[in-house]
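Enquirer: okay, predicted coordinates and the sequence, questions at the end:
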Amino acid sequence: MANEKADVAIVGVGWVGGIIAAELTKAGLDVVGLERGPINHRSPGYWDDQKHDELRYAVRYELFQNTANETWSLRHHLNETALPIRQLGSFLPGTGLGGAGVHWNGQTWRFHPRDFTIRTSAIDRYGASAIPAGMSIQDWGVTFDELEPYYDKFEYMAGIAGKAGNLNGKLIEGGNVFEGPRSREFPVAPPPDTEVEAMFRKAASGLGYHPFYGPTANLPKGYKNPDGVARGACTYCGFCERFGCEWGAKADPTVTVIPLALKTGKFKIIDYANAFAIKNDGKSAQSILYYDAMGRVQEQPADVIVLGAFVFNNVRLLLNSKLGQPYDPVANTGAVGRNYAYQTGGGGATAYLSDFEFNRFMGSGANAVCIDDFNADNFDHTGLGFLGGGSISLGQSGARPIQSLAVPPGTPSFGRAWKQAIKQYYKSVVSIGFQGESPAYQTHYLDLDPNYRDKYGQPLLRITFDWEPNERAMIAFAGTKTLQLMQEMVPGATVAGMSGPLSPTAPHIIQGGPGALPAHYDTVAYQSTHNTGGAIMGADPSTSVVNNYLQMWDTHNVFVVGACNFPQNAGFNPTGTVGALAYRAAEGIIKYHKNGGSLV
Ligand SMILES: Cc1cc2nc3c(=O)[nH]c(=O)nc-3n(C[C@H](O)[C@H](O)[C@H](O)COP(=O)(O)OP(=O)(O)OC[C@H]3O[C@@H](n4cnc5c(N)ncnc54)[C@H](O)[C@@H]3O)c2cc1C
């Protein structure tokens with residue numbers, strides 16, 4: 001027997017599910033959220049005795065998807081057979097109420113105006129021939145100016161701290177002067193720089209760049225948001241990424257939007273509900289089919305169905321349910337699975353300093369000073385051999401005792417010399433990082449694996465992805481910039497290449513230089529959970545899955561929301577834009593519901 005019909009049913013209760021549930025229930029709609037994981041992360045006392053257990057959360061991945069139940073397969077090229085990813089590594093999708101929003105860092109960006117018109121802008125500035133063959137970057141079907149009010153809404157809800165660099169077109173030094181125009185200042189002022197951040201800021205300014213404090217969801221002081229939700233200030237304990245914040249200082253859905261939705265009495269969450277298909281007749285959808293905690297098939301009917309289950313399961317649900325047309329990379333037809341992209345890391349520089357102490361154990365996930373001079377199209381790419389760029393930052397996010405023991409290359413991996421190196425460098429190692437764009441390509445996509453299935457017998461999602469020459473050139477370039485910054489910051493340091501061994505006798509040593517990506521994309525080491533694409537938005541139904549309200553072109557009562565909507569990925573973390581899209585979708589769903597099935 002099916003559950004009682006809801007106005008709206010949502011798969012996944014993370015940032016997307018939580019924001020949409022809050023907006024819809026405030027507007028009087030009855031909403032059901034199906035969450036595959038537990039709901040206990042905010043129960044009284046949950047974090048009390050275990051909050052900073054690095055082994056449990058950061059190493060053994062307690063809050064993340066369990067690959068024994070469900071995983072992905074990966075291949076680099078169309079002619080390979082994909083193999084299952086049996087252990088988490090490269091990315092860490094969350095499970096449980098709040099999703100990855102519980103254990104994120106809180107770096108909360110807006111994309112640049114040019115990011116939304118990337119293809120048109122590249123052609124306008126460099127000509128069509130500058131876009132490499134096979135690169136399938138496309139405009140979003142929405143502009144920065146159209147999204148600005150939704151970015152603003154997300155930032156005020158979450159209490160993002162930062163300083164505007166562009167207020168209604170007026171550029172302001174000290175903020176990010178490359179950002180698109182904001183309609184008002186950040187809701188919270190940024191905290192002061194730490195000592196090492198101040199050194200970076202001075203070095204970046206000295207080189208003529210434009211440093212600013214990175215926008216953060218880790219509150220530097222108490223804040224009450226427009227919905228009346230109050231949260232306290234960060235204690236800089238350094239346990240953000242991979243951990244829930246026991247204090248609620250890091251904005252997460254379980255301390256912001258989800259309690260708000262529950263307070264209306266109109267939001268019901270069903271936990272351990274693993275959705276596997278959307279029942280539909282091709283024109284409209286009727287219900288969500290899911291496995292309950294006992295593995296039984298259950299059905300949740302609703303007038304409107306929202307997929308908020310992160311990139312991978314949003315796309316898998318569409319493909320499993322035969323919603324939309326699957327993408328064919330050879331014929332270049334269909335849209336579901338198209339333009340899977342990621343985030344291009346690498347090109348950083350690290351310094352091992354002998355006579356500094358930075359108190360690295362203190363920090364917060366988004367505590368950083370950044371420059372945006374080499375992101376997007378903020379610099380002239382003529383003659384560089386690549387398109388795109390990335391953000392450069394020096395952060396102090398905390399240095400936990402197991403995973404933050406950086407030692408110079410060439411140091412033995414155990415024994416006395418290793419311990420000596422940890423003792424020498426724990427307090428004084430510092431890195432400048434680069435986070436680059438990931439353009440879309442015709443051969444990078446998601447589909448259903450023909451060979452491998454999850455524990456319920458459903459096909460795994462297959463990822464076809466690799467690094468391309470454009471990104472290799474971008475990372476090589478980035479490495480020269482981060483090295484230049486580090487040298488300005490630590491004058492006179494001995495510079496070694498990217499591989500050691502480094503001289504332990506030098507007073508200050510820098511490891512840096514032109515960056516290099518591995519021979520192939522590798523899933524073993526963590527890179528980021530900034531997976532994007534597969535259910536992209538756009539203005540053309542033949543090359544996108546959803547319109548600019550995130551409503552499916554083919555099945556009007558299905559909305560698909562998240563980083564899956566990005567046609568390619570920008571040089572920033574994704575969640576500011578995910579949050580903005582969720583607010584935009586909520587507005588669309590309310591209109592659709594009130595107008596009896598129409599958006600106008
Ligand atoms: C360690 C880490 C650090 C990060 N730091 C940052 C950062 O600093 N800045 C930034 O911008 N982004 C960051 N991110 C990314 C950020 O967490 C995501 O962009 C954001 O959480 C996405 O929100 P979402 O609601 O789309 O998906 P999720 O948060 O993944 O939520 C999706 C929910 O759907 C549920 N679900 C999935 N499949 C099903 C199914 N079949 N049935 C039912 N439920 C299902 C999941 O259990 C989950 O609760 C980080 C991510 C990680 C893992």
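Expert: Here it is on my side, so go on. Numbering: from 1, shown residues only.
Enquirer: number of residues surrounding the closest residue to Lys224 other than its chain neighbours?
Expert: Nearest non-adjacent residue to Lys224, counting by CB to CB, 6 or more residues apart in numbering: Ala230, 4.3 Å away. Where C-beta positions appear, they are placed from N, C-alpha and C, glycine not excepted. Ala230: 11 surrounding residues under other CB atoms under 10 Å.
Enquirer: what's Ala230 sitting at in phi/psi?
Expert: Ala230 adopts backbone torsions of phi -110, psi 140, taken as degrees, to the nearest 10.
Enquirer: pLDDT below threshold where in the stretch 501-600 of the chain?
Expert: Within the stretch 501-600 of the chain, the ranges that satisfy pLDDT under 70 run 501-506.
Enquirer: pull the contacting residues for the nearest residue to Ala217 once chain neighbours are set aside.
Expert: Excluding the flanking residues, the one nearest Ala217 by CB to CB, 6+ apart is Gly106, at 3.3 Å. Taking CB atoms under 8 Å, 6 or more residues apart in numbering as the criterion, Gly106 is in contact with 216-218, 240, 250-251, 364-366.
Enquirer: hmm, try it at 7 Å
Expert: 216-218, 240, 250-251, 365-366 (CB atoms under 7 Å, 6 or more residues apart in numbering).
Enquirer: out of the residues you listed, which touch the ligand?
Expert: 365-366 (CB under 6 Å from any ligand atom).
Enquirer: so which of the contacts of Gly106 belong to strands?
Expert: 365-366 (DSSP state E).
Enquirer: looking at the contacts of Gly106, which is nearest Pro409?
Expert: Among the contacts of Gly106, Gly365 lies closest to Pro409 (CB to CB), at 26.5 Å.
Enquirer: need the pLDDT of the residue nearest to Ala217.
Expert: Gly106 carries a pLDDT value of 98.
Enquirer: that one and the ligand, how far apart?
Expert: Separation of Gly106 from the ligand (CB to the nearest ligand atom, to the nearest Å) stands at 5 Å.
Enquirer: quick one, phi/psi of that residue?
Expert: Per-residue torsions, Gly106: phi 100, psi 10 (degrees, to the nearest 10).
Enquirer: what distance do you get for it to Lys279?
Expert: Remark: distance between Gly106 and Lys279 (CB to CB, to the nearest Å) = 37 Å.
Enquirer: what parts of the stretch 501-600 of the chain come near the ligand?
Expert: 529, 562-563, 573-575, 578.
Enquirer: farthest pair within those?
Expert: The most widely separated members of these are Gly562 and Asn573, with 13.7 Å between them, by CB to CB.
Enquirer: Gln442: what's it in contact with?
Expert: By CB under 7 Å, 6+ apart, the neighbours of Gln442 are 134, 136, 329, 332.
Enquirer: can you pick the most crowded of those residues?
Expert: Ser136 (22 neighbours).
Enquirer: who touches that one in this structure?
Expert: Ser136 makes contact with 339, 440-442, according to CB under 7 Å, 6+ apart.
Enquirer: ditto for Leu289
Expert: 275-277, 279, 297, 299.
Enquirer: how about the nearest residue to it, chain neighbours excluded?
Expert: Ala277 is the one closest to Leu289 (CB to CB, 6+ apart), at 4.5 Å.
Enquirer: again, but for Asn218
Expert: Nearest to Asn218 is Ser364, by CB to CB, 6+ apart, at 3.9 Å.
Enquirer: now do the one you found, the pLDDT please.
Expert: Here the pLDDT value assigned to Ser364 is 97.
Enquirer: may I see the buried residues of the helix or strand hosting Lys481?
Expert: Using DSSP states H and E, Lys481 maps to helix 469-489. Going by neighbour count (16 or more other CB atoms under 10 Å), the buried part of helix 469-489 is 470-479, 481-489.
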